[in-house]
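*Asks:* Here is my input; please provide its structure:
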Amino acid sequence: PELSEEPPAEMVKMTKSKTFQAYLPNCHRTYSCIHCRAHLANHDELISKASVNVEQFLFFFFFRVNVGCGPAEERVLLTGLHAVADIYCENCKTTLGWKYEHAFESSQKYKEGKFIIELAHMIKDNGWE
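*Replies:* Numbers count the residues shown, from 1 in each chain. Purely as a prediction, here's the structure:
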């Protein structure tokens, strides 16, 4: 039989290491993607958290890492009309939440440039004991 240069798929999964774009310092409490454990945000960058309903909790961040942005689109949210872009984990491509690109109401302008990550897509890492 002919030898393949490609290793079996299960071997690739076992030996392939995960590489993220950025790692947050181990000395800080961090949030990571629950699906692949890529670092997402430092707890010190958490602005607020809110419960939308019994099943959905949102975390509002000033800064994030390893997160990509899709195109902006207008959406009517609980706080009015906003231009938002879906955000996703750069490592596993899971949609995590959204970024506020533009707020149409002056009372909501403080949200512009900030990120919402849904609790369902995060896990606490580093120093939460």
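
*Asks:* show me the contacts for Tyr100.
*Replies:* 82-84, 111-116 (CB atoms under 8 Å, 6 or more residues apart in numbering). C-betas here are computed from N, CA, C, even on glycine.

*Asks:* Could you list the buried residues of stretch 29-38?
*Replies:* 29-34, 38 (16 or more other CB atoms under 10 Å).

*Asks:* which among those gets closest to His121?
*Replies:* His121 lies nearest to Ile34 out of the buried residues of stretch 29-38, by CB to CB, at 5.6 Å.

*Asks:* in what helix or strand does the most centrally placed residue in the chain lie?
*Replies:* For the chain, Leu96 is the residue whose C-alpha lies nearest the centre (CA atoms, centre = their mean; 4.6 Å). Element membership of Leu96 [criterion: DSSP states H and E] is strand 95-103.

*Asks:* Let me know the average pLDDT across that strand.
*Replies:* Strand 95-103 shows a mean pLDDT of 92 in the predicted model.

*Asks:* chain center to whichever helix or strand comes after that strand, what's the gap?
*Replies:* Per DSSP H and E, the first helix or strand lying C-terminal to strand 95-103 is strand 115-118. With CA atoms, centre = their mean, to the nearest Å as the basis, strand 115-118 stands 7 Å off its chain's centre.

*Asks:* tell me which strands and helices strand 115-118 is in contact with?
*Replies:* Packing contacts for strand 115-118, counted by 3 or more CB pairs under 8 Å, 6 or more residues apart in numbering; DSSP states H and E, involve strand 39-42, strand 56-61, strand 95-103.
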